[in-house]
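**Q** Generate a structure from the sequence data that follows.
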Amino acid sequence: MNLELEQNIDTYKLMVSNLNRRLEQIYEGGGKKRVEKLHKEGKMTARERIAYLLDEGSPQIEMGAFAGFELYAEHGGCPAGGVVVVIGYVRGRHCIVVANDATVKAGAWFPITGKKNLRAQEIALENRLPIIYLVDSAGVYLPLQDEIFADKEHFGRIFRNNAQLSSQGIPQIAAIMGSCVAGGAYLPIMSDEALIVEGTGSVFLAGPYLVKAAIGEDADKETLGGAATHSEISGVTDYKMPNDQVCLDTIKDLVDKFGHFDKAGFDRVESKAPLGSSEDIFSLFPLNGAKPYDSTELLRRIVDEGKLTFYKEHYGKTILCAYARIDGWAVGIVANNRQVVKNAKGEIQFGGVIYSDSADKATRFILNCNQKKIPLVFLHDVTGFMVGTRSEHGGIIKDGAKMVNAVSNSTVPKFTVILGNSYGAGNYAMCGKAYDPRLIVAWPSAKIAVMGGEQAAKVLTQIQVQSLKDKGAAPDPAGERALFEKTKANYETQTTPYYAAARLWVDAIIDPRDTRRWISMGIEAANHAPVAKFNVGVMQV
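**A** You can find the predicted model right below:
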């Protein structure tokens, strides 16, 4: 093994180690003191509740753990967006669980909290997944209320989604395990069934202080909206529970009685291990974003038995399209090929760039997968579409538009994994966040931006230098270089997967070795929702 390869492996393993270290910090929520305070109140933490609720030893995936990462520092931070979202199994049934983390600002809703809750509901709606809310929240975080209250994708959208889920027959169960105040009170009560824990759970539109201020009435929290009030007097809640454990056990019993939805019918056979070891990924994927590598060998470490049936293998070589299986599920893979190749005319084509022939091939492959009801998996390492006179004359915009059209109108579920570069329109054509992938995840090596840091810094520096020249204050070469380096550093900070995950542009940053599990659980969730027929007539090919 050469020195460069050893360094690549060591660096990637260090990136994964840093990922896990940051996750461990996030899992601590608001810190040990606040956890101890909850325990003294007889309450479990959000993560303890989820761990108890989900089937022991069953697979699970956490969505949005990095939501809010390095955001809201002036407000004390908001680990995991103050809410934990996990897809897993309750009594063998696939569910999504949403639990407020009361150790983070008493579970108050930051703007990112609302966005994360909406993403959880979107996943439930798309995949017909039952959703379980474990409510323990002080309501909207008032210092940032203008960023969460009134817009279309703000707090109120959550209750609209409650109604949409119910209208589509997707079960919702809510457990009031702590505070539930003001507008937030609608979430559990708009669910199909609501449980409340004695002594710790409470739900009301206005708390004691606001009631006193508004109408002059003195009332304590229990009288206003405690378990006895809502289970014996108002009838707002359906089950009165003595403690967290019994409450969660009751949810398990309720889920156990669910009927079964129609399936989409995606094909699955017995799972087979991929070729080689998942550890091979660290040596096969170069962290130098400009270096070519064998994309096929990388794919063989992800798909069952390393078996790939390539579509138009010798045409449009900068995109690989192949049928395969992942954990037994039939999939269609669209992956950028970072190798430098030659087309039929002997012309050099640069790896990671989408050319007209590549876009044409990918478009037709996407249509075929829709025709055959095969889920699509997009693997990004793309710098964008080819530019220049020859490409423009060849109609690259038209061919790119066809690919974007096919991705936009695809009705089979799409799953996106960002391995390395994901720049510009390449992000769009390869099913970026804007194109409704059922799940979108990133490896620690991912870079998401309009263009690479080097190119962006050059463009932005040129603009800033020209502006200074116009004012008669052009910098010297050293000053220009310093401006370039500062611009590049700022831009590259914004391309990291952590920056993206903090804002929920991706659902998670994952260890590359977990890629199969994420895709498999995603397809299993998607299999709950029948697929609409794809209309080939929506586009010309």
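
**Q** hang on, Gly184 packs against Asp136?
**A** No: if you go by Cβ atoms under 8 Å, Gly184 and Asp136 don't touch, sitting 10.5 Å apart. The way it works is simple: take the backbone N, C-alpha and C, and place the C-beta from them, glycine included.

**Q** distance of Asn127 from Glu524?
**A** Using Cβ to Cβ, to the nearest Å, we find Asn127 at a distance of 9 Å from Glu524.

**Q** rewinding a little: the more surrounded of Gly184 and Asp136?
**A** Asp136 (29 against 23; other Cβ atoms under 10 Å).

**Q** Just to be sure, that one is in a helix?
**A** No: counting by DSSP: H, G, I helix; E, B strand; the rest coil, Asp136 is not part of a helix but strand.

**Q** which ones are touching Glu305?
**A** Contacts for Glu305 (Cβ atoms under 8 Å, 6 or more residues apart in numbering) come out as 272-275, 325.

**Q** Could you single out the nearest of the residues you listed to His314?
**A** His314 has its nearest neighbour among those in Leu275, at 22.1 Å by Cβ to Cβ.

**Q** Show me what the helix or strand of the chain with the lowest mean pLDDT is packed up against.
**A** When the helices and strands of the chain are scored by mean pLDDT, DSSP states H and E, helix 453-470 comes last with a mean of 75. Contacts defined by 3 or more Cβ pairs under 8 Å, 6 or more residues apart in numbering; DSSP states H and E place helix 453-470 against helix 477-494.

**Q** Between helix 453-470 and the helix it packs on, find me the angle.
**A** For helix 477-494 against helix 453-470, the angle by axes from the mean of the first three to the mean of the last three Cα atoms, to 10 degrees is 130 degrees.

**Q** ok, and what's touching helix 477-494?
**A** With contacts defined as Cβ under 8 Å, 6+ apart, helix 477-494 is touched by 449, 453-454, 456-458, 460-461, 464-465, 475, 499.

**Q** The stretch 301-450 of the chain: strands as residue ranges?
**A** 309-310, 319-326, 329-336, 341-342, 348-349, 353-354, 376-382, 384-385, 414-423, 439-442, 447-449 (DSSP state E, counting those that start in this stretch).

**Q** Give me the residues contacting the fifth one.
**A** The reference is to strand 348-349. The contact list for strand 348-349, computed with Cβ under 8 Å, 6+ apart, reads 317-318, 340-343, 355, 386.

**Q** now it: how far from the chain's centre is it?
**A** 34 Å (Cα atoms, centre = their mean, to the nearest Å).

**Q** what about stretch 495-513, how long is it end to end?
**A** Start-to-end span of stretch 495-513 (Cα to Cα, to the nearest Å) is 22 Å.

**Q** er, stretch 321-335 actually
**A** Criterion Cα to Cα; first-to-last residue distance in stretch 321-335 is 7 Å.

**Q** ok, now stretch 281-289?
**A** 15 Å.

**Q** buried ones in it?
**A** Using 16 or more other Cβ atoms under 10 Å as the test for burial, stretch 281-289 gives 281-286, 289.

**Q** ok, and what's touching it?
**A** By Cβ under 8 Å, 6+ apart, the surrounding residues in contact with stretch 281-289 are 1, 5, 8-9, 11-13, 293-294, 297-298, 301, 419-421, 443, 445, 447, 452, 512-513.
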